[in-house]
Structure formats: structure tokens, C-alpha cells
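Visitor: Provided below for reference: sequence and predicted model.
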Amino acid sequence: MRDYKKKFFLILMIANLLLLSGNTQDEKSKQQQKHSFKVENFKGIKNPHNVSQEWETDTSKQIIPLNEFTVLLNRNRIKPLNAPRYINTNQAKDSLFGGQPVIGVEINGVSVAFPLNMLSYHEIVNDSIADVQFSVAYCPLCNTAYAFSRKVNFKDKNYMLKFGTSGMLRMSNLVMWDEQTQTWWQHIDGVGLVGELAGAKLKILPSKIISLNNFIQFYPDGKVMMPVNDANYETHYTINNYIHYDSIGVKKPFLFFKEVDKRLPAMEYVISVENKNIVNVYPLSILQTESVINDQVGAIDIVLFYNDDMISNLDTKYISKGRQIGSGTVFNAVINGKTLSFKMFKNNFIDNETNSIWNFVGECIDGEYKGKKLQPVVYGFDFAFAWLAFHPESIVYKKSL
């Protein structure tokens, strides 16, 4: 009798477990049904090549219409890099072309450079420096290159995100996605567009778009991302797949369906600076001729410095043969409570107030403020068509009289 009862209770327990398991599966199925969808079957999203993508993104949360997205590739077809290897500046000097553009990031005293020709093939790097988790991302179609903190606080909840390439564009600009919530993010401004974190904004970290030569000169103890160990290195990292894309004569950028803002040529390089909903745009062609621009963005006094060393990585087939375009850096012009104004001085810059001499990365190398550093200002180095499409309210800087 006891054996019978034992068997009965064992069968009952197994039945309950199976029932519970079935309910759990049903709940999972409902959850997946609620959020899982194939993009090729989703009305509204442009998918000219019928690319197959499957997402669990919560599309009920969105801040822009889905018909603004264009699907081109499978998710992570352009494979992001996670925790890449680095070489020191001496190794970089010996093995990499010095005039190429890099995005330089300095975090807690550690400086790291990411060559744009390498980022053209990966677009996103996820890494950490000095315990700060960050991502660097580059969109060659818009020449947008930014560093973001991967830590996000949204609606009183903390997230640590890891980013990938969605295979989608919006107004020609890279759309990123995160593995944790599958939210879709706009690269040019770091805003969550669709998904659980729609409406959130990534913190943009200060960075500089400068030549590798400049980085090695001013950050000799820095590190440079090294090429992926790939037999096709020469093909991957020395060849430009966007030949003459940045030509000033290009009228219609790739997969950009809006009318190009008439204030500037579509492919004019611009330096964009934003402060509390006020956005100033500085054409590189003007900075090239003026060398220094002293200006205000809202209530903040800023200064832009020019250096002619950097070449274009979107010009000729072989990047090392690209035309020289130079680059700019941007700083807060106030130091110790005093607003400074600057002018070019030989290969450096001098302030009119104390005659102190400053270098291209904002360090005072001689004079009253020797050893001081100007505070970097977050800026973009973008194509005009892209920046003005996302920020039509921008004020375009005119040549000094």
C-alpha cells in the first residue's frame, strides 16, 4: 500500500512539473510572439533586397516612424570588434601610415587611437579603458565618428550595453543595436529610436579626429588599435571602398532620400558643436583658411584650432594616397575664469591675453599658463548633408570679415 502511495505521489509530482513546464513554455512563447518579428515581413521598414533579419525589439516603443529605416545587410554582417589588441606609438610609427585619420579617446589619463580605415571595416568597437566601458563607432557614409559610454541610466534603471551593427541605415547614417535590449540607436547623436530604451541618449565622450602623426606626437605614451590578425590585411585596411565619395562634387549621398540642405555642399566636412539646443556648424574649408576660430555656442566661449596633417580616407583607392584635408580640435576658451582669444603662431597658437603658447591638442607649452590644458569640447567631424539633416536648426558659421 505504501509503495502504491509513493508511486501515486511521484506520478502526481511529475505531472505537476510537466504542467508547470508547459505553462512556462506558453509564457515564453507569448513573450516571443509579442516581441519577435522578421524584418522582411514587417510593413513600413524599407527592405529593397529582402534581407532576412529577426528581432525581439519592442517596436511598440518608438520615437520615429519605422518607414525611416532601410535594411541593407544582416545584423552584424559588418562585424564589430570586442576588446581589440593595441600597439604602442613606436610600433604604430613603424607599421602604419602616419597621415591617416584616427579618433583619439582619452579616459582617466589613458589615450587610445582608433584608425578610421580599420573602423571602416568594423564600424563599432566595444572595449574598456581604466574601468570605463565605452564604444567607438564610425559611419563612413556620413563620416560620423564618436565615442560613447556604454553605461546608460534610463527611467531609474541602469544598463551596461554592448553594441553591434544593425544592417540598417536612417538618412544614410549607421543604426546601431545593443545586445541587452535590442534597442536600435542612431549613431550620429546616440539616441535610442526603437525598443525598450527608445528616447534614451548615450553619453558622448570627448574625442579628437586627428592624424595618426598628431596622436603619436602629442600622446607618445598612448596606444593604437592594431589590425585584426587577418591574411587580407592589405586589402582590408589600406584600400578605400568609397573612392572619391567625399568629393565636393558629389550631389547625392548614398541612400539619402531627403533634399540636401542648400546652405552647404553635401560632402563639405563640418565641425559641429552643440550646447543646450544651440548648434553651431563650422565648415572645414573656412577653418583651413582661418587656422583659428574664436566663437561662442550659446553662453560658452570656444576656440577651434586647425592642423593640416590629416589626409582623407574616403578619397583615392589607396588610403595613403588620399588628398590632404587637415583636421580641427575644439576647446572651451575659458581657463581659470578668464576667457582667452587665440591666433596662429608658427605651428602652434598664442593667446592674446597673456601671449602663452598652446599646441593643437590644447596644452600650454610656454608662458603664464604653461602646463595647463584647455577643456575639450565634444564635437563632430561630419559631412554637412548628414549633420544638417539631423540638426536643421544648426547655425552655419560664415567667414570672418
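Guide: Alright, I've got the coordinates.

Visitor: and the chain, what are its domains?
Guide: 73-209, 266-396 (automatic domain parsing).

Visitor: Tell me which of these sits nearest to K46.
Guide: domain 73-209 (9.0 Å; CB to CB). Where you see a C-beta, it was placed from the backbone N, CA and C, and this is true even at glycine.

Visitor: what about that closest one, start to end distance?
Guide: 28 Å (CA to CA, to the nearest Å).

Visitor: Determine how far the last residue of stretch 227-242 lies from the first.
Guide: In stretch 227-242, first residue to last residue: 20 Å (CA to CA).

Visitor: what's across from N126 in the sheet?
Guide: For N126, the beta-bridge partners are N82, S135 (DSSP bridges).

Visitor: That one against N82, yeah?
Guide: Yes - judged on CB atoms under 8 Å, N126 makes contact with N82 at a distance of 4.9 Å.

Visitor: can you list the weak-confidence ranges in this structure?
Guide: 1-36, 40-41, 230-235, 401 (pLDDT under 70).

Visitor: Can you show me the strands along the stretch 201-350 of the chain?
Guide: Assigned by DSSP state E, counting those that start in this stretch, the stretch 201-350 of the chain shows strands spanning 204-205, 207-211, 223-225, 269-275, 278-283, 292-297, 300-307, 327-332, 334-335, 338-339, 342-345, 348-351.

Visitor: partners of the fifth one, with directions?
Guide: Using DSSP bridges, strand 278-283 pairs in its sheet with strand 269-275 (antiparallel), strand 395-396 (parallel).

Visitor: Which one of those strands lies nearest to P65?
Guide: strand 269-275 (24.2 Å).

Visitor: to the chain's geometric centre, what's the distance from that closest one?
Guide: Its chain's C-alpha centre and that of strand 269-275 lie 14 Å apart, by CA atoms, centre = their mean, to the nearest Å.

Visitor: Stretch 367-382 now?
Guide: For stretch 367-382 - counting by CA atoms, centre = their mean - the centre lies 21 Å from the chain centre.

Visitor: just stretch 308-327 next, same as before
Guide: 20 Å.

Visitor: Do me a favour and get the end-to-end distance for it?
Guide: Using CA to CA, the span of stretch 308-327 from its first residue to its last is 6 Å.

Visitor: residue closest to the middle of the chain?
Guide: For the chain, Y146 is the residue whose C-alpha lies nearest the centre (CA atoms, centre = their mean; 2.8 Å).

Visitor: Contacts only, for the nearest residue to I64 once chain neighbours are set aside.
Guide: Closest residue to I64 apart from its sequence neighbours, by CB to CB, 6 or more residues apart in numbering: L193 at 5.4 Å. L193 makes contacts with 62-64, 170, 175, 183-186, as judged by CB atoms under 8 Å, 6 or more residues apart in numbering.

Visitor: rewinding a little: overlap of the contact sets of N126 and N82?
Guide: Going by CB under 8 Å, 6+ apart, residues that sit against N126 and also against N82 are K162.

Visitor: These two: who's more crowded?
Guide: N126 (21 against 14; other CB atoms under 10 Å).

Visitor: so who does that one touch?
Guide: 80-83, 133-135, 150, 162-163.

Visitor: now do 6 Å
Guide: 82, 135, 162 (CB atoms under 6 Å, 6 or more residues apart in numbering).

Visitor: Which of the residues you listed sits closest to L212?
Guide: Distance to L212, by CB to CB, is smallest for S135 among these, at 20.8 Å.

Visitor: Just to check, the closest one is in contact with K162?
Guide: No - the pair S135 / K162 is not scored as a contact, 7.9 Å apart, by CB atoms under 6 Å.

Visitor: Counting neighbours, go ahead and name the busier of the two.
Guide: S135 (25 against 15).

Visitor: Roughly how far does the more buried one sit from A83?
Guide: Counting by CB to CB, to the nearest Å, the gap between S135 and A83 amounts to 12 Å.

Visitor: Same check on G44?
Guide: In terms of CB to CB, G44 sits 36 Å off from A83.

Visitor: who has more neighbours, those two?
Guide: Set G44 next to A83 and count neighbours by other CB under 10 Å: G44 wins out with 11 against 8.

Visitor: Against V102, how distant is the closest residue to the more buried one other than its chain neighbours?
Guide: Excluding the flanking residues, the one nearest G44 by CB to CB, 6+ apart is L66, at 4.1 Å. Distance of L66 to V102, given as CB to CB: 35 Å.

Visitor: which one of the two has more residues nearby?
Guide: V102 (32 against 16).

Visitor: Hmm, that one is touching V112, no?
Guide: No - if you go by CB under 6 Å, V102 and V112 don't touch, sitting 9.3 Å apart.

Visitor: List the residues that contact T316.
Guide: G322 are the contacts of T316 under CB under 6 Å, 6+ apart.

Visitor: With Y242 as the reference, measure out to it.
Guide: In terms of CB to CB, T316 sits 10 Å off from Y242.

Visitor: Check A130 too.
Guide: Distance, A130 to Y242, using CB to CB: 34 Å.

Visitor: Compare neighbour counts for those two and give me the winner.
Guide: The residue with more neighbours, out of A130 and Y242, is Y242; 15 against 9, by other CB under 10 Å.
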